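**Student:** have a look at this fold, sequence not included:
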């Protein structure tokens, strides 16, 4: 005679299939409302359907394979939506930006003299290294140092006494570590979150020690320059800077404890550095690469400077409207070579605003990341021959600018700050230097190989062959006599 235990197991056998059926039906209904997606497997989702290669290129390839500018990916429970077209990104991120606006907006102060002074200092340093070996490394080192100096003066009122500088090096190391950690493929824990709970003594968990070391290094990178500025304020020897001003303006930080205020100001300083240093420096290097490959464009831009400002005159920020060719060239390389991939230009859905959003009959879920700038700027229906360096494309008012600084309310608050620094830097370089292909021992040009780095969220350039020198003795003299503190 069947007992209570038998009845329990019988009920369980009947009930479990019903639960499983309900679960898979729910998932099936959700899947039918998702944007197009590659083949999915239980538990792992689309993990094994991803093509190889850098993430920004991979997402663009998937969109083309699926014939959709909106794609959906599920990776071990992580839901990702990628927008591969300007139309989709604008519709979702500009017009519906209230739902996608969880982004800290720091105070930005623009100082024209700061950028002009740094541009002139950069020119003087480049003269010193223009005849040395390893021109790419020398150029990159000086450009990065120039951008870092500008940001540290702006944020902390700090000026490096010599190279290398411990504060500069710490900030760059922290940013480099963060850029690597942000790549999904750098650490398996990004894909398999449960690995975070495995004890550190188990073999294969060395990544935990790496992350702990990176966190300690980041703490120093944030703390050291902040403490320096704080000491300057206490002694009354500080210069104008964002952090110094906020330390003295108690109204802005009212309601916060001293500890909370310090944490926020440290983060602010590092946000300013992260947003305005490496990306800007990489853009300048990409622009130099474009000039090496397109000497006709370089000559045309230099002619515009000479005819508009006069030979032997250094550009100023106030000259920007008079130099349309320079502005078009700037727009083209920002559009073509903005140094980020899909996950750099990402937007996390504001969970206090929405749980599930229907967009074009698709569901966009919490924690989705969207906005593939690389694919958007390779849309041949918008940009003719997108890989060609063609500044004249932006003479057409119907050709949109690259959304390199984001969309909607989450658009980078430093957009004018960044564009100003880019303009004065490239205008100053073009006014005084010529960048060209390197020649071999027989006097023949060596065709440079321009390749991207792929181990970081930042889309950088691998070293390539080039030469650079002042345009003439007159320009060399102009640089030598220029006063960086004019």
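**Tutor:** Sure, I can see it. Because the structure is a prediction, the values reported are computed rather than measured.
**Student:** count the neighbours of residue 52 for me.
**Tutor:** Around residue 52 there are 7 other residues, counting by other C-beta atoms under 10 Å. (Each C-beta comes from the backbone N, C-alpha and C, glycine too.)
**Student:** and it, helix, strand or coil?
**Tutor:** With DSSP: H, G, I helix; E, B strand; the rest coil as the basis, residue 52 sits in coil.
**Student:** who touches it in this structure?
**Tutor:** By C-beta atoms under 8 Å, 6 or more residues apart in numbering, the contact list for residue 52 reads residue 58.
**Student:** the same query, at a cut-off of 10 Å, please.
**Tutor:** Residue 52 sits next to 58, 61 when contact means C-beta atoms under 10 Å, 6 or more residues apart in numbering.
**Student:** name the nearest residue to residue 266, ignoring sequence neighbours.
**Tutor:** residue 222 (4.2 Å; C-beta to C-beta, 6 or more residues apart in numbering).
**Student:** give the full set of residues in contact with the one you found.
**Tutor:** Residues in contact with residue 222 (C-beta under 10 Å, 6+ apart) are 170-171, 174, 262-263, 265-270, 273.
**Student:** now render these as a markdown table, adding secondary structure, distance to residue 256 and neighbour count.
**Tutor:** Converted to a markdown table, those look like this (DSSP: H, G, I helix; E, B strand; the rest coil; distance: C-beta to C-beta, whole Å; neighbours: other C-beta atoms under 10 Å):
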| residue | secondary structure | distance to residue 256 | neighbour count |
| --- | --- | --- | --- |
| 170 | helix | 25 | 19 |
| 171 | helix | 24 | 27 |
| 174 | helix | 24 | 21 |
| 262 | helix | 9 | 18 |
| 263 | helix | 9 | 14 |
| 265 | helix | 10 | 22 |
| 266 | helix | 13 | 19 |
| 267 | helix | 13 | 14 |
| 268 | helix | 13 | 19 |
| 269 | helix | 16 | 28 |
| 270 | helix | 18 | 21 |
| 273 | helix | 22 | 26 |
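**Student:** circling back to that earlier point, any idea which helix or strand comes after the helix or strand harbouring the residue nearest to residue 266?
**Tutor:** According to DSSP states H and E, residue 222 maps onto helix 206-235. Per DSSP H and E, the first helix or strand lying C-terminal to helix 206-235 is helix 242-248.
**Student:** how far off centre is that following helix?
**Tutor:** Using C-alpha atoms, centre = their mean, to the nearest Å, the mean C-alpha position of helix 242-248 is found 26 Å from that of the whole chain.
**Student:** mean confidence for that helix?
**Tutor:** The pLDDT scores in helix 242-248 average 90.
**Student:** now do stretch 286-303
**Tutor:** The pLDDT scores in stretch 286-303 average 92.
**Student:** ok, back up a step: of the contacts of residue 222, closest to residue 282?
**Tutor:** residue 273 (14.3 Å; C-beta to C-beta).
**Student:** check contacts around the closest one.
**Tutor:** Taking C-beta under 10 Å, 6+ apart as the contact definition, residue 273 lies against 147-148, 151-152, 154-156, 167-168, 171-172, 174-175, 221-222, 225.
**Student:** right, and residue 136 touches residue 466 too?
**Tutor:** Yes: counting by C-beta atoms under 10 Å, residue 136 does reach residue 466; the two are 6.2 Å apart.
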